[in-house]
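Colleague: Just a sequence and a predicted model for now, questions to come.
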Amino acid sequence: MVQRHHSELCRIMLWVSFVFSFYHVISAESPDAKVKRKGEVIELTESNWDQILKGEWMVEFHAPWCPACRDFQPEFKRFAEWDRDLGFKAGAVDVHAHPGLSGRFLISALPTVYHVKEGEFRQYTGVRDRERMMRFMEEKDWQKLTPVSPWLHPSGFHMGLVGNFFKLSMKLKNLQTWMVEDQGLPNWVTYAVFAIGTIVLGGTIGVLLVFLIELFPQRGRTHIKAAAKESTEGRIRTQEKAESSASPTPSGTDAEGTDEEGIENSASAGGSPSSGSEEEELQEETKAEPEEDNMVRRRKARREE
């Protein structure tokens, strides 16, 4: 009797397990149907965003307070259902929760979509619907777009600094909101607090810079002073040379003798058979010059010297 009940219980358990197995096989979906029905949108953060540097991605930037983003997100999820068929991965970034990524990518409008191919970033500027984006991927229209320049590449060190500034600005904004909404302080008080903080921070940075300059060795300061002295002496020598070259030629008796000698040499070197009448006329003109005029010219020459 006991054995009969035991065999019937085993038979019932076998039937139940068979029914469950059959139901599982019937209700299971094929892999292809799963790919076409649902795609995965990976949420990117500041700790895992660098995975988009490998492979092909379509990344969407959004914010919870953006109405256009709320309208576009369902369309982007339907587009992501074809990620395996088109050979790409879909990612999304909440710039409100991760302002550092907003700074790295210099996001100025929402929603924004980037196409990423092996570390090359191109901003998608087409119509934001599933069919247009699918055609963009199938026909490889991203090749027609200009990649982001290396100077603005999100993986650069300087872009990381920009991201940190974005995070700092978001923290200051949250602090101002906390002071106004939670603590009930007026806006002018928050502005005064930020102004005083800016002045104190600027003064602290200035003191630190002076302290760092004073830490330079004495040899460096001596070298700087010597270079400045040498530069000053060079300018003085140049100025003296310019003044000496611009000073007038000494005049007077010597100058007159030189002029007379030059006239005689030019007359003799001319080579033309000039008659004695020309020399006589020149001598007469020289003798006819008043002596008072000569005195005046000598005084002027002495004053100029």
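Modeller: The structure has been received and is ready for your questions.
Colleague: State the distance from the closest residue to F105 other than its chain neighbours to P67.
Modeller: Closest residue to F105 apart from its sequence neighbours, by CB to CB, 6 or more residues apart in numbering: P154 at 5.4 Å. C-beta coordinates here come from the backbone N, C-alpha and C atoms, glycine included. P154 sits 26 Å away from P67, going by CB to CB, to the nearest Å.
Colleague: go on, M170?
Modeller: From M170 to P67 the distance is 21 Å (CB to CB).
Colleague: Also S245?
Modeller: 78 Å.
Colleague: Show the residue spans covered by the helices in this protein.
Modeller: For the chain, applying DSSP state H gives helices covering 2-27, 31-37, 67-80, 83-86, 99-104, 130-138, 157-177, 187-214, 218-246, 253-269, 276-287, 291-304.
Colleague: By mean pLDDT, show me the worst of these.
Modeller: Sorting these by mean pLDDT places helix 31-37 lowest, at a mean of 38.
Colleague: ok so, going back, around the residue nearest to F105, how many other residues sit close by?
Modeller: Using other CB atoms under 10 Å, P154 is surrounded by 22 other residues.
Colleague: show me the contacts for it.
Modeller: Going by CB atoms under 8 Å, 6 or more residues apart in numbering, P154 touches 104-105, 121, 148.
Colleague: In strands, which of the residues you listed appear?
Modeller: Among the contacts of P154, DSSP state E puts F121 in strands.
Colleague: Serialize the contacts of P154 to CSV and add fields for distance to V113 and neighbour count.
Modeller: CSV is the format used below for the contacts of P154 (distance: CB to CB, whole Å; neighbours: other CB atoms under 10 Å):
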residue, distance to V113, neighbour count
R104, 16, 24
F105, 11, 23
F121, 11, 21
V148, 13, 17
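Colleague: Turn the contacts of P154 into CSV, including distance to F88.
Modeller: Listed next are the contacts of P154 as CSV, based on distance: CB to CB, whole Å:
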residue, distance to F88
R104, 21
F105, 18
F121, 14
V148, 18
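Colleague: for the contacts of P154, which one is nearest A226?
Modeller: Using CB to CB, R104 is the member of the contacts of P154 that lies nearest A226, at 46.1 Å.
Colleague: So the closest one sits against N164, correct?
Modeller: No. Using CB atoms under 8 Å, R104 makes no contact with N164, being 9.7 Å away.
Colleague: separation between the closest residue to K117 other than its chain neighbours and L201?
Modeller: Spatial nearest neighbour of K117, excluding adjacent residues (CB to CB, 6+ apart): E56 at 5.1 Å. The gap separating E56 from L201 is 44 Å, by CB to CB.
Colleague: And W178, by the same measure?
Modeller: 20 Å.
Colleague: again, but for K117
Modeller: 42 Å.
Colleague: So for the two, which sits in the more crowded spot?
Modeller: K117 (16 against 10).
Colleague: what are the bridge partners for the more buried one, then?
Modeller: Counting by DSSP bridges, K117 is bridged to E56, E120.
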